[in-house]
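*Asks:* Let's see this in three dimensions:
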Amino acid sequence: MISPLEWRRQSLHLMYGIAMIALLYFHILTLPYLIIILVIGFILSRLSIHYRIPVVAWVLDHFERESNRKTFPGKGPIFFTLGAIVVVYLFPLKTAMAAIAILTIGDAVSHIFGKLLSKRTYKYLKSVEGTVFGIVFSFFAALLFVNVTAAFFGSMLAMLIETLPLSIDDNLLIPIIAATIISLF
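*Replies:* Sure, this is the predicted structure:
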């Protein structure tokens with residue numbers, strides 16, 4: 001079963017990603033603004049280890065895992081933003097938005113459906129059920145920006161790699177892998 005904290009975390013993940021994609025699509029959010037968001041986020045993260053900053057503390061109290069509160073508050077959004085910066089800088093905007101959509105939808109959906117549907121634990125996969133749902137939903141999200149082949153292979157390979165126990169944060173890894181594969185098609 002999925003905990004209330006994880007529901008809130010995945011909901012925030014979806015809202016953050018969808019807002020970012022919409023703002024990029026309408027050219028309201030640009031690379032310099034993403035960098036500013038990253039720098040501010042990192043500063044607030046470091047300060048939050050030692051101080052309770054009013055709005056930031058409320059967000060962390062309601063959305064952050066306890067393990068990250070003491071070592072790296074806001075780790076998920078910081079790496080999400082860093083991944084977005086890399087793909088926006090290196091790839092055409094439609095490819096970058098498709099990659100961010102794969103991260104936004106695929107990562108949240110795979111986590112939610114994996115927790116809701118899976119009864120087994122696998123050695124390398126988080127869950128087969130969650131991964132399948134993540135691929136399907138992220139494929140349709142990526143289709144808004146790229147062709148069918150690019151959307152399929154970008155979502156499938158990014159979601160499969162996301163399941164591996166790698167030391168790189170998936171919020172950074174998924175968009176880079178997805179954008180690289182999409183650009184090949």
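*Asks:* where exactly do the strands run in this protein?
*Replies:* Read by DSSP state E, the chain holds no strands at all.
*Asks:* quick one: contacts for the nearest residue to Val146 once chain neighbours are set aside?
*Replies:* Of all residues not flanking Val146 in the chain, Ala98 sits nearest, at 4.6 Å (Cβ to Cβ, 6 or more residues apart in numbering). Using the backbone N, CA and C atoms, a C-beta is placed for each residue, glycine as well. The contact partners of Ala98, taken as Cβ atoms under 8 Å, 6 or more residues apart in numbering, are Ala141, Ala142, Leu144, Phe145, Val146, Ala150, Ala151, Gly154, Ala178, Ala179, Ile182.
*Asks:* any idea where the helices of the protein begin and end?
*Replies:* For the chain, the helices defined by DSSP state H cover 4-25, 31-50, 54-63, 66-71, 75-90, 93-101, 108-117, 128-142, 148-162, 170-184.
*Asks:* Check which helices and strands the third one is in contact with.
*Replies:* What that stands for is helix 54-63. When contacts are defined as 3 or more Cβ pairs under 8 Å, 6 or more residues apart in numbering; DSSP states H and E, helix 54-63 packs onto helix 4-25, helix 31-50.
*Asks:* Quick check: which of the ones you listed is nearest to Pro92?
*Replies:* Pro92 sits nearest to helix 4-25 of all those, at 11.8 Å, using Cβ to Cβ.
*Asks:* Who are the packing partners of the closest one?
*Replies:* Using 3+ Cβ pairs under 8 Å, 6+ apart, helix 4-25 sits against helix 54-63, helix 75-90, helix 93-101, helix 108-117.
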